[in-house]
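Trainee: Sequence first, predicted coordinates after that:
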Amino acid sequence: MRFRYYIVRIMAVGTLTLLWTTAKADFQNLNVQRLKLSNGLTVLALEDHTVPSVAYYTFFKVGSRNEHPGITGLSHLFEHMMFNGSAKFKPKLFDQIVEAGGGSSNAFTTSDSTEYQTEFSTPTLNIIIQMEADRMRALKLDKANIEQERGIVKEERRVSFDNSVEGAMSEQLWNMAFVAHPYRWDTIGFMKDIDAIQLQDAKDYFKIYYAPNNSVVCVVGDFNTKKLFDEIRKEYSDIPRQQTPRKVINAEPPQPGERRIKFHRAAELPAFNMGYHIGSFKDPDDPALDILSNILAHGESSRLYKSLVYEKQIATGVSATNESRIDPGLFTFYAQAQQGHTAEECENAVYAALKDIQDNGVTERELQKAKNVLRAGYVNSFKTNVGLAGQLAEYEANWGDWRKLYDNPKRHDKVTVADVQRVARKYFSENNRTVVTLIPEKEAAAK
């Protein structure tokens with residue numbers, strides 16, 4: 001399942017929810033129209049006049065995996081800079097127009113993509129198209145813009161990583177689990193790289209990665225498709241196509257053995273964070289790993305929660321996450337020990353739960369429950385204009401065809417108890433894991 005690290009610029013308030021009927025919930029007959037411009041821009045449109053609202057979603061196929069040492073964090077920096085004006089529109093005007101139209105906007109950056117989502121009332125659509133096209137064509141890029149957003153991003157890094165024990169542990173895990181692939185750094189980037197990014201770095205990056213041929217626009221809601229496509233042709237067609245971005249090479253070598261780090265940090269309770277190398281979200285094993293993560297740690301009736309929190313009472317909480325991405329990612333575990341217990345106890349309890357599944361498998365009831373949870377999450381993601389637009393754009397960009405979203409529940413439905421046991425045996429071995437153990441430094445915390 002695709003993992004996203006969300007960094008939100010403007011919180012969505014009062015998103016209009018579409019009241020989907022039961023018949024429509026299968027999404028098998030979405031009347032999505034596609035427009036392909038000569039400059040490479042792909043546009044998807046889905047009319048839905050249920051409410052007078054429109055979602056406008058722009059998906060750029062660029063994330064931290066496209067960076068290199070010296071400019072880590074640049075994709076996320078652009079997430080911020082894209083709101084600071086363009087050739088025709090002054091800074092802050094985008095937000096003002098969206099809010100005046102009763103709407104809101106969000107943006108987030110992941111290792112694999114940068115995505116912008118806006119929802120607003122129907123009469124605001126044409127001006128939004130103009131603004132979105134102009135910031136793709138001629139984003140305002142100057143030293144003042146970079147310095148302003150550099151300071152904001154550095155503060156985000158301090159809050160989410162430098163001053164967050166859990167965030168710092170996660171960063172240590174990925175830094176150590178990968179030695180060659182860009183997944184070894186987080187989307188936020190390293191502080192010294194954020195400091196070192198220059199104006200020319202930003203201009204070069206923008207030209208290649210924020211071009212029409214590297215993006216997908218998806219519009220869902222209350223509009224006329226013909227008029228929408230006419231307006232998009234008018235506003236976007238003169239934006240030049242750029243050279244195809246350089247392919248990211250997966251040069252990550254096989255992990256030859258367990259990697260461990262003792263992470264000393266001011267903290268009250270010990271904890272551990274652990275990751276096992278897995279495939280990409282397109283790998284045939286990915287659906288079984290989604291189901292396994294649900295069986296292990298989704299809700300209070302999950303195996304790990306019952307074992308570590310309820311029965312043994314050695315942990316305050318526990319998680320297991322299938323963090324698959326475009327390229328091979330990690331299946332991660334995190335647990336914080338209860339007062340008087342150790343990270344080692346929690347770690348061993350996780351190993352015991354994994355071994356039980358490797359030896360004895362899971363039950364049909366657990367399997368079906370996990371499938372139900374995944375199906376519910378999938379269906380719920382289509383209940384808003386923005387949610388539907390995001391799904392369409394993501395499948396079009398990552399899978400080459402928005403219709404691949406229909407395969408999502410089918411992939412999970414095909415998983416058997418034998419598949420779950422097989423992937424547990426395949427990936428969860430000692431040689432394939434990386435472990436970060438938090439060693440609380442209470443004296444440092446008191447200074």
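Mentor: Yes, it's here.
Trainee: number of nearby residues for the closest residue in space to Tyr210 that isn't next to it in sequence?
Mentor: The shortest distance from Tyr210 to any non-neighbouring residue, by C-beta to C-beta, 6 or more residues apart in numbering, is to Phe60 (5.7 Å). For the C-beta atoms, the positions are set from N, CA and C on the backbone; glycine is no exception. Applying other C-beta atoms under 10 Å, we find 23 residues neighbouring Phe60.
Trainee: Surely Phe60 and Phe206 touch.
Mentor: No. Counting by C-beta atoms under 8 Å, Phe60 sits too far from Phe206 to count as a contact (10.1 Å).
Trainee: Show me what the host helix or strand of Trp174 packs onto, helices and strands only.
Mentor: Using DSSP states H and E, Trp174 maps to helix 165-177. When contacts are defined as 3 or more C-beta pairs under 8 Å, 6 or more residues apart in numbering; DSSP states H and E, helix 165-177 packs onto strand 259-265, strand 271-277, strand 330-337, strand 433-440.
Trainee: Quick check: buried residues in the helix or strand harbouring Lys355?
Mentor: Assessed by DSSP H and E, Lys355 sits inside helix 343-360. Buried residues in helix 343-360, counted by 16 or more other C-beta atoms under 10 Å: Ala343, Glu345, Cys346, Glu347, Ala349, Val350, Ala353, Leu354, Ile357, Gln358.
Trainee: for the stretch 1-150 of the chain, what spans make up the helices?
Mentor: According to DSSP state H, counting those that start in this stretch, the stretch 1-150 of the chain carries its helices in the segments 74-81, 93-100, 125-138, 143-157.
Trainee: Adding mean pLDDT, mean neighbour count and distance to Phe428 as columns, could you present the ones you listed in a markdown table?
Mentor: Formatted as a markdown table, the helices of the stretch 1-150 of the chain follow (pLDDT from 0 to 100; neighbours: other C-beta atoms under 10 Å; distance: least, C-beta to C-beta, whole Å):
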| stretch | mean pLDDT | mean neighbour count | distance to Phe428 |
| --- | --- | --- | --- |
| helix 74-81 | 94 | 24 | 31 |
| helix 93-100 | 93 | 17 | 46 |
| helix 125-138 | 97 | 20 | 44 |
| helix 143-157 | 95 | 16 | 32 |
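Trainee: follow-up on the earlier one: list the buried residues for the helix holding Trp174?
Mentor: Buried-residue list, helix 165-177, by 16+ other C-beta under 10 Å: Val165, Gly167, Ala168, Met169, Ser170, Glu171, Gln172, Leu173, Trp174, Asn175, Met176, Ala177.
Trainee: The nearest residue to the fourth one once chain neighbours are set aside: neighbour count?
Mentor: Closest residue to Met169 apart from its sequence neighbours, by C-beta to C-beta, 6+ apart: Asn273 at 4.4 Å. When neighbours are counted by other C-beta under 10 Å, Asn273 registers 26.
Trainee: Right, I'll leave it there.
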